[in-house]
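Visitor: structure here, sequence nowhere to be found:
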């Protein structure tokens, strides 16, 4: 099952989309950031919103995916957000193409304990024509509604490093969905300014919405 969703500020549905007899699902929040390695310990115990508001953190991208237990889900986006530093100078005629990046996030969650999920993640970034394709993959066991930081090998500015933060939320039944939807509504009400852009994947998949924190 493939479900793609990305950071919309539209109101959450009033009812759960999951029938009572459906297998558990996992809502996976992901955020790509860069920061100085000395500041990584500051992430502990913070929410994604608190991390995004940290002056030492630069948010490169935010997305989320709804996946069925033990099934792979992905989101693919083509958009004009510079996610990696330029590796070479560009002639004037290619200046308009410099910020085109393909972004693909894939996750396969598997419930291994009542309150924990094994996450296998793949992140691909392709910044043509200025960057080669970068692929990162890893896995970890994560507690429900906690995040795990993955240190990627993507190039960053200066001494900073690029990290992928992934946070799962287990949705087993209607009550889990009710609490989840209420938290999402509350989070959207309290969120700071974001700008969203509608983009096409260019791969036959449905168009998706990219979420990027607006410049302060």
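Guide: Right, received. Where do you want to start? Computed from a predicted structure; not experimentally measured. Numbers count the residues shown, from 1 in each chain.

Visitor: show the subsequent helix or strand relative to the helix or strand encompassing residue 107.
Guide: Taking DSSP states H and E as the definition, residue 107 sits inside strand 101-113. Scanning forward in sequence from strand 101-113 by DSSP H and E, the next helix or strand is strand 116-126.

Visitor: related to what we said a few turns ago, and the strand holding residue 107, which residues are buried?
Guide: 101-111 (16 or more other CB atoms under 10 Å). C-beta: built from backbone N, CA, C; applies to glycine.

Visitor: is residue 75 in a bridge, and if so with what?
Guide: Residues in a beta bridge with residue 75, per DSSP bridges, are residue 105.

Visitor: what's the answer for residue 142, then?
Guide: residue 117.

Visitor: what of residue 170?
Guide: residue 26.

Visitor: with residue 124 instead?
Guide: Beta-bridge partners recorded for residue 124 (DSSP bridges): residue 104, residue 135.

Visitor: what about residue 190, how many neighbours?
Guide: As a burial measure, residue 190 scores 8 neighbours (other CB atoms under 10 Å).

Visitor: just checking, residue 56 touches residue 36?
Guide: Yes: using CB atoms under 8 Å, residue 56 is in contact with residue 36, at 6.5 Å.

Visitor: between the two, what contacts are shared?
Guide: Counting by CB atoms under 8 Å, 6 or more residues apart in numbering, residue 56 and residue 36 have no contacts in common.

Visitor: pLDDT at residue 90, what is it?
Guide: Here, the pLDDT recorded for residue 90 equals 46.

Visitor: next one: the one 10 residues further on
Guide: The pLDDT attached to residue 100 in the predicted structure is 50.

Visitor: what do you get for residue 179?
Guide: pLDDT recorded at residue 179 is 95.

Visitor: could you give the angle of the strand holding residue 107 to strand 116-126?
Guide: Comparing the axes of strand 101-113 and strand 116-126 via axes from the mean of the first three to the mean of the last three CA atoms, to 10 degrees yields an angle of 170 degrees.

Visitor: backbone phi and psi for residue 42, please?
Guide: Dihedral pair for residue 42: phi -70, psi -10, per degrees, to the nearest 10.

Visitor: could you measure from it over to residue 137?
Guide: Separation of residue 42 from residue 137 (CB to CB, to the nearest Å): 26 Å.

Visitor: which residue of those two possesses the greater neighbour count?
Guide: residue 42 (15 against 12).

Visitor: isn't that one up against residue 56?
Guide: Yes: counting by CB under 8 Å, residue 42 touches residue 56, with 7.1 Å between them.

Visitor: list just the nearest of the buried residues of strand 101-113 to residue 152.
Guide: residue 105 (11.9 Å; CB to CB).

Visitor: ok, the nearest residue to residue 58 once chain neighbours are set aside to residue 153 distance?
Guide: Closest residue to residue 58 apart from its sequence neighbours, by CB to CB, 6 or more residues apart in numbering: residue 34 at 5.1 Å. Between residue 34 and residue 153 the distance is 13 Å, computed by CB to CB.
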